[in-house]
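In: model this:
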Amino acid sequence: MNFKLVVVSAGFLLATSLSAFAQERGPETNLPLPRFVSMKASEGNARRGPSLTHRIDWVFTVKDQPLEITAEHGHWRRVRDREGAGGWVHYSLLSGARTALVQKDMLEIHAKPDDTTMVVARLERGVVAYIDACTTSWCRLKAGGYRGWAEKTHLWGVKSSEVLD
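Out: Residues are numbered from 1 along each chain as shown. Coordinates of the predicted model:
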């Protein structure tokens, strides 16, 4: 765990968790870090560093796949996928459109954010779905022509504390 020392008064120090302070912001966009985005392109190179001169370590090949931005440098964003693979990607390959990766096989999509409501569809593990909205524990998704609500705990691409309108 990271700690930050804060001077409370002359001669006294207080160690406190960094999470007690405001969330880190990207130096280029002033948006929160980390944050989720999606792949705009159907293919994108992830490089070892933030420039075209750096070696390509990974190639993302799934359009709309959710990615997590962990750092910014100029027009470059350091991203990772669900498995932790990634690197530096040019910002033009990314979209602010929110998507999620289904992590549970045959995930039930409900008509309302309540597991007692009608099941509209079932999604296989690995399906990429568009996020319309999220409450504290459910997200409204679009996938394969279906729209409905899924429990957030079965999705990668949205933080557990995140609420989206």
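In: Need the three-state assignment for the residue most central in space within the chain.
Out: In the chain, the C-alpha nearest the mean C-alpha coordinate belongs to residue 36, at 2.7 Å (Cα atoms, centre = their mean). Secondary structure assignment for residue 36 (DSSP: H, G, I helix; E, B strand; the rest coil): strand.
In: Am I right that it is in contact with residue 70?
Out: No. Judged on Cβ atoms under 8 Å, residue 36 makes no contact with residue 70 at a distance of 10.7 Å. C-beta here means a position set from N, CA and C on the backbone, and glycine is covered the same way.
In: Next, count neighbours for residue 134.
Out: The number of residues packed near residue 134 is 24, by other Cβ atoms under 10 Å.
In: next one: the one 10 residues further on
Out: By the other Cβ under 10 Å criterion, the neighbourhood of residue 144 contains 12 residues.
In: Over to residue 70?
Out: Neighbours of residue 70 using other Cβ under 10 Å come to 15.
In: same thing with residue 39?
Out: By other Cβ under 10 Å, 24 other residues sit near residue 39.
In: re earlier: now the residue nearest to the centre of the chain: how far from residue 116?
Out: 29 Å (Cβ to Cβ, to the nearest Å).
In: pLDDT at residue 151, what is it?
Out: The score at residue 151 is 97. That number is its pLDDT.
In: One more: residue 23?
Out: pLDDT at residue 23 comes out at 77.
In: helix or strand for it, which one?
Out: Under the criterion DSSP states H and E, no helix or strand holds residue 23.
In: who's in contact with it?
Out: Residue 23 sits next to 32, 33 when contact means Cβ atoms under 8 Å, 6 or more residues apart in numbering.
In: could you redo the last one with a cut-off of 6 Å?
Out: Residue 23 makes contact with residue 32 under the criterion Cβ atoms under 6 Å, 6 or more residues apart in numbering.
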